[in-house]
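>>> predicted model, plus sequence, below.
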Amino acid sequence: MRRLTTIVAVVAAATLGLAACGGGSDTETTTGGATTASSLKVGLAYDIGGRGDKSFNDAAAAGLDKAKSELGLETKELSAVKGESDADKEQRLRLLAQSGYDPVIAVGFAYATGLKKVAAEFPKVKFAIVDDATEGSNITNLVFAENEGSFLVGVAAALKTKTGNVGYIGGCLVPLLQKFEAGFTAGVKAAKPDAKVQVKYLSNPPTCAGFNDPAAGTETANGMYDAGADVIFAAAGGSGTGVFQSAKAKSTLAIGVDSDQYQTAAPDLQPVIMTSMLKKVDVAVYEFLKSVADGSPLTGLQTFDLKRDGVGYATSGGQVDDIKAQLDEYKQKIVSGEITVPTTPSK
């Protein structure tokens, strides 16, 4: 309750400041008349870890920053905190809408329940959610073919492993993260059918604290490396740093997620980051905001897949340069439909 009160107080103060400057604070934001980019007030609610997680949230932040720089938007950013409830997330979105922000972007599937309620309360406000297909006439769903990108880094892991043993660490045991697992495992098996894939999850819903627990990432990765893995794919947000630290200590390799984590990691960790599965949240956020600014908002389900360049793999550090031709061959087979990547783990 103290945390919710703090959130209310902070955003309420921001609302008063906006009102003093002529900003609106009505419970509904109208969209009549011409919209110019500079008049857009964008509200963005991050998932746990917020801006600075060097992964999922930072990818969304990069898209927001690009749109703000190029389109001259006014923005407000709020973040989820560890252990908060659905009601907290709901209130965060409501406060942004009440403060005149339109559009409002929810970053992460954890906002789905709250968004459905708030979007119904503010039918004239445009909302978007990353990583969920929440239904609503004023909700745009920005989703990704994570399984396709994960397939490619699975192939990379299979081609690089010397032990024939690799690992997958997910931040939370939810269908979305199992989608990463399914694609990764399929890619490993496509390139090396007899390889072993270890799988572990750091947390369970509803808290999903495993997205911001580097210590748990280190401990879990230590166990996998000790059990023979020499490459681990960490789809665990901020906890990935712990996996990278374990890889450094064990003189093994790891694979990042969402952002090009070679570029965001500390210099001493860069040598162990073989590649990253790129989930281009920045592209999705930017495209949505530009579409709103242009007066033709993206609506409904928007899927960012390999064909749309919404997912992929990173080449920073040069560790996959020697297998890039093979990875791109698999990519083309997926784009053409020759390979269909599963979305759920096999039993």
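Received it, and whenever you're ready, just let me know what you need.

>>> surely Leu78 meets Lys89?
No - in this structure, Leu78 is not within contact of Lys89 by Cβ atoms under 8 Å, at 9.9 Å. (C-beta placed from N, C-alpha, C; glycine too.)

>>> got a pLDDT number for the residue nearest the centre of the chain?
Taking Cα atoms, centre = their mean, the centroid of the chain lies closest to Phe56, which sits 3.5 Å from it. According to the prediction, Phe56 has pLDDT 89.

>>> ok, now which ones touch the spatially closest residue to it that is not a sequence neighbour?
Leaving aside its sequence neighbours, Phe56 sits nearest to Asp258 (Cβ to Cβ, 6 or more residues apart in numbering; 4.5 Å). Applying Cβ atoms under 8 Å, 6 or more residues apart in numbering, we find Asp258 in contact with 55-56, 58-59, 237, 276-279, 281.

>>> based on its surroundings, how many neighbours for the residue nearest to Ser259 when sequence neighbours are not counted?
For Ser259, ignoring the flanking residues on the chain, the nearest one in space by Cβ to Cβ, 6+ apart is Ala59 at 4.9 Å. The number of residues packed near Ala59 is 25, by other Cβ atoms under 10 Å.

>>> check the residue nearest to Phe56 and give its pLDDT.
Among the per-residue scores, Asp258 shows a pLDDT of 90.

>>> again, but for Thr6
Model confidence at Thr6, expressed as pLDDT, equals 40.

>>> kindly report the same for Val81.
Model confidence at Val81, given as pLDDT, is 89.

>>> I'd guess it is in a strand, am I close?
No - in this structure, Val81 is coil, not part of a strand, as judged by DSSP: H, G, I helix; E, B strand; the rest coil.

>>> just to revisit the earlier point, what sits in contact with each of Leu78 and Lys89?
Taking Cβ under 8 Å, 6+ apart as the contact rule, the neighbours common to Leu78 and Lys89 are Ala45.

>>> show me the helices in the stretch 151-300 of the chain, by range?
Counting by DSSP state H, counting those that start in this stretch, residue ranges of the helices within the stretch 151-300 of the chain are 175-191, 214-226, 240-250, 261-264, 281-293.

>>> contacts only, for the residue nearest to Gly164 when sequence neighbours are not counted.
Take Gly164 and drop its neighbours on the chain: the residue closest to it by Cβ to Cβ, 6+ apart is Ala195, 5.0 Å away. Listed by Cβ under 8 Å, 6+ apart, the contact set of Ala195 reads 158, 161, 164-166, 188-189.

>>> show me which of those residues are buried.
Under a neighbour-count criterion of 16 or more other Cβ atoms under 10 Å, the subset of the contacts of Ala195 counted as buried comprises 158, 161, 165-166, 188-189.

>>> tabulate these in JSON lines, adding columns for distance to Ala209 and pLDDT.
Written out in JSON lines, the entries for those read as follows (distance: Cβ to Cβ, whole Å; pLDDT from 0 to 100):
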{"residue": "Ala158", "distance to Ala209": "31", "pLDDT": "98"}
{"residue": "Thr161", "distance to Ala209": "30", "pLDDT": "98"}
{"residue": "Asn165", "distance to Ala209": "28", "pLDDT": "98"}
{"residue": "Val166", "distance to Ala209": "25", "pLDDT": "98"}
{"residue": "Val188", "distance to Ala209": "28", "pLDDT": "98"}
{"residue": "Lys189", "distance to Ala209": "31", "pLDDT": "98"}
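
>>> from those residues, which is closest to Lys126?
Using Cβ to Cβ, Val188 is the member of these that lies nearest Lys126, at 40.2 Å.

>>> low-confidence stretches in this structure?
1-38 (pLDDT under 70).

>>> can I see the domain layout of it?
2-9+33-144+282-304, 146-279+317-336 (automatic domain parsing).

>>> return the most buried member of those domains.
domain 146-279+317-336 (a mean of 22; mean count of other Cβ atoms under 10 Å).

>>> how about residues contacting stretch 337-346?
Outside stretch 337-346, the residues that reach it (Cβ under 8 Å, 6+ apart) are 145, 147-148, 151, 175, 178-179, 181-183, 185-187, 190, 199, 330, 333-334.

>>> and stretch 294-305, by the same measure?
Contacts made with stretch 294-305 from outside it, assessed by Cβ under 8 Å, 6+ apart, are listed as 34-35, 103, 126, 128, 133, 140-145, 148, 280, 283-284, 287-288, 291, 310-311.

>>> mind checking which of the residues you listed land in helices?
By the criterion of DSSP state H, membership of those in helices covers 148, 283-284, 287-288, 291.

>>> ok, so of those, who is nearest Lys68?
Nearest to Lys68 out of those is Phe288 (Cβ to Cβ; 13.4 Å).

>>> where exactly do the helices run in the stretch 1-150 of the chain?
Counting by DSSP H, counting those that start in this stretch, the stretch 1-150 of the chain forms helices over residues 2-20, 56-71, 86-98, 112-121, 146-160, given from the N-terminal end onward.
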